[in-house]
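Undergrad: Build the 3D model from these lines:
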Amino acid sequence: MNINLIFRLLLGCVLTVTVGAVAQERRIVLDANQVQGPLNTFFKTSVGAGRANEGLRADWQQQLAQVKQDAGFHFIRMHGLLTDDMGVYRIDSQGREQYNFQYVDVLYDYILSIGMKPFVELGFMPSALASGDKTIFWWRGNVTPPHSYDKWEKLVQTLVEHWTKRYGAEEVASWYFEVWNEPNLDGFWAGTQAEYFKLYAHAARAIKRVDSRYRIGGPATAGAAWIPEMIAYANRHKVPLDFVSTHAYGVHQGFLDEYGTTGTVLAKDEWAVSGDVLKNRQEIAASPMPGLELHYTEWSSSYTPADPMHDSYHSAAYILQKLKQVGDAVQSMSYWVFTDIFEEAGPRFEAFHGGFGLMNTQGIKKPAYFAYQFLNQLGPDELRNADQQSFAARDAQGNVQVLLWDFTYTLPDGVNNQQYFIKDLPAANKGDVNVQVKGLKRGRYTLSLSQVGYRQNDAYTAYINMGSPAQLTRQQVVDLKAQATGEPQQQRAIRVGKDGAFNLSLPLRENDVYLLELQRQ
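TA: Numbering: from 1, shown residues only. Sure thing, here's the model as predicted:
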C-alpha cells in the first residue's frame, strides 16, 4: 500500500495551494523507542478570561466546559474578582465593614465542578476601600490603592478563610494567588512601584496567615517587567514569594489598547514573547531565589481585543511556535483568553472583531482553539525530535502523535494587523514535509490526519467569504461551526511491517498545522 500516494490524492481535493515560495522538502525523523522524557504540558496549566462577573453567564460557562474538555486546561485566571459588580465589600450606614461572597461562590463552585481550579487574581479595588475614583475599562475596575492597607489585608484574609471553610485547606493549597494586574502600567495601577509592593506584602501575609502552604506571587506586570525588583523586595523584606508572574504580547508598540485604535503590528522578531520568557528565567536564576516558578499569566499575539490576527488561521501556528520556543523555561503560559465573551471595551457589536478568545461569542472555534486541542491530544511521553516546528509523542499503548506546523511571517511592511488580517489570505506553498517514524510495533494502525490552516478549520476565512456580517443568523452560526470542528479530515487503516517503519509526505503551506496520529488496532 502506497501511503504517500493515498494521502496526497485525498488531500489534493481539500487543500488550496498558491505558488509563491520556493518548494523544499522538510524531514521529521523519529524513533518511537527514543523517549526524551515526560511531555511538558505547561501549555495547558492555565487559560485566561476577561472578568469574574462574565463568568456568571450561562454561555460563558458552557464555553469553558467545552474548552476544558477539548484543551484540558487546569486553571483559569480573570480580572475583577473584587470589583463592585461582584459585591464582595461595602461599608454600612454605621460604618461597619460587610463582606459578601455569594457571587464569588457561584463562580468558583462552577469552575471546580468542571474539574478546573482558580488562578486567583486579587483585584481590582472595591470602591468602598479605594483611595480614589480612577477606573479602567467599560466595567469600571477601580485601580487606586486602598485607603487603608490594614483593611485591604483584612479583606484578603477574610476571603481566603471563607474559601478554606467552603472548599477545604487541601483544595485551596492547590491554587495560586496573584496580587493585582499589570501594576507597571498607569492604566491598571494608580500607585507607585513601592505602593504595589506594599499592597502585595499585606496580601501575602494575610494569605500565609490562613495557611502557610498557600501559594502567593506577582507582580503580574506587562512586558516581562519588575521580576528582579520583585524578587529583591521579597528577599530584602522577608515577604513570602512562591512564584513570579508577568505578561507578554507579540506586537511592537504599547501595552494597553482595549479599542484597537493604534494599529498594532505583529513583531517580526523571531523571539517575540518567547525571548521575554527566556530573559525572565535567566533573571530568576541570577537572583537570591533561583528556584522560583515562573508563570506567564497572560500572553497572546496582540494585547488588544480588536486585532484580527486573533481570528486568523495564522494564529494557530504562531501559538505553537512560541510554546515550542520557550521549552522548559516556564511553568505556565496562560493564553489570554478562552472566549470573546469579554467586555473591557464594552459589549462588542460584531461576531468576529479580533477578540482575544479561542472561541467567538457564539462559541465558534477559531484556528487558535485547535492549537490547544491538538496539543492536548499528544501522549505523555515526548519523543526525541530535532525538528524545531513540531512536537512528537507516544502513549503506553504504542500510539504515536506528531503535531507539526509551519510558521511564516507574512505581514507586509507598512501595513498593520487591522488592515491585513481582515482579508481572505491564501497561503503560499512551502513544499513537502516528510514524516518518518521507525521503531513501531508491527501490526494494523488507524492513521488520522487533522489540519488547521487556510480554509481548514478556518471559520474566520469562511466568515469573510460570507461578507463579514456584523450579526450572524442562526443558520450562519451552524454553518461556521461546521467549518471548524477539529475532527480528522482523513482516517485510513494501514499496516506497519516487520521493519517497524512508517513514512508519509504531506503538502505544506504557510502557517499550516497538522496533527498526525497512529493508533494501534
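Undergrad: Pull the contacting residues for the residue sitting nearest the centre point of the chain.
TA: Nearest residue to the geometric centre of the chain (Cα atoms, centre = their mean): residue 335, 1.5 Å. Neighbouring residues of residue 335 by Cβ atoms under 8 Å, 6 or more residues apart in numbering: 47, 48, 299, 300, 319, 358, 368, 372. Where you see a C-beta, it was placed from the backbone N, CA and C, and this is true even at glycine.
Undergrad: Now render these as TSV, adding neighbour count and secondary structure.
TA: What follows is those, written out as TSV (neighbours: other Cβ atoms under 10 Å; DSSP: H, G, I helix; E, B strand; the rest coil):
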residue	neighbour count	secondary structure
47	29	strand
48	26	strand
299	26	strand
300	28	strand
319	28	helix
358	29	coil
368	30	helix
372	23	helix
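Undergrad: picking up where we left off before, who's the residue nearest to the centre of the chain bridged to?
TA: Here residue 335 sits in beta bridges with residue 47, residue 299, going by DSSP bridges.
Undergrad: how close does it get to residue 230?
TA: 23 Å (Cβ to Cβ, to the nearest Å).
Undergrad: What of residue 161?
TA: With Cβ to Cβ as the criterion, residue 161 and residue 230 are 26 Å apart.
Undergrad: who's more crowded, these two?
TA: residue 230 (28 against 16; other Cβ atoms under 10 Å).
Undergrad: ok, now which ones touch that one?
TA: Going by Cβ under 8 Å, 6+ apart, the list of residues near residue 230 reads 197, 218, 219, 241, 244.
Undergrad: Which stretches in the stretch 1-150 of the chain count as helices?
TA: Secondary structure of the stretch 1-150 of the chain by DSSP state H, counting those that start in this stretch: the helices cover 3-12, 58-71, 102-113, 149-167.
Undergrad: Throw these into a markdown table and include mean pLDDT, thanks.
TA: Converted to a markdown table, the helices of the stretch 1-150 of the chain look like this (pLDDT from 0 to 100):
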| stretch | mean pLDDT |
| --- | --- |
| helix 3-12 | 37 |
| helix 58-71 | 98 |
| helix 102-113 | 98 |
| helix 149-167 | 98 |
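Undergrad: For residue 91, which of those is the nearest?
TA: helix 149-167 (9.6 Å; Cβ to Cβ).
Undergrad: hey, where'd the helices end up in the stretch 401-521 of the chain?
TA: Using DSSP H, counting those that start in this stretch, helices in the stretch 401-521 of the chain cover 417-420, 459-465, 474-482.
Undergrad: before we move on, the earlier item: for residue 140, which of the helices of the stretch 1-150 of the chain is the nearest?
TA: That would be, of the helices of the stretch 1-150 of the chain and by Cβ to Cβ, helix 102-113, which comes in at 16.3 Å.
Undergrad: Just checking the distance from the closest one to the centre of its chain.
TA: Averaging C-alpha positions (Cα atoms, centre = their mean, to the nearest Å) puts helix 102-113 22 Å from its chain's average.
Undergrad: which other residues reach that helix?
TA: Outside helix 102-113, the residues touching it (Cβ under 8 Å, 6+ apart) are 52-53, 55-56, 61, 64, 76, 81, 86-88, 117-118, 159, 163, 166-167, 171.
Undergrad: Pull out the buried residues from that helix.
TA: In terms of neighbour count (16 or more other Cβ atoms under 10 Å), helix 102-113 has its buried residues at 103, 104, 107, 108, 110, 111.
Undergrad: Then stretch 148-157?
TA: In stretch 148-157, counting by 16+ other Cβ under 10 Å, buried: 149, 151, 152, 153, 154, 155, 156, 157.
Undergrad: so what's the closest residue to residue 25 other than its chain neighbours bridging to?
TA: Distance criterion Cβ to Cβ, 6 or more residues apart in numbering; nearest residue to residue 25, sequence neighbours excluded, is residue 432 at 4.8 Å. Counting by DSSP bridges, residue 432 is bridged to residue 507.
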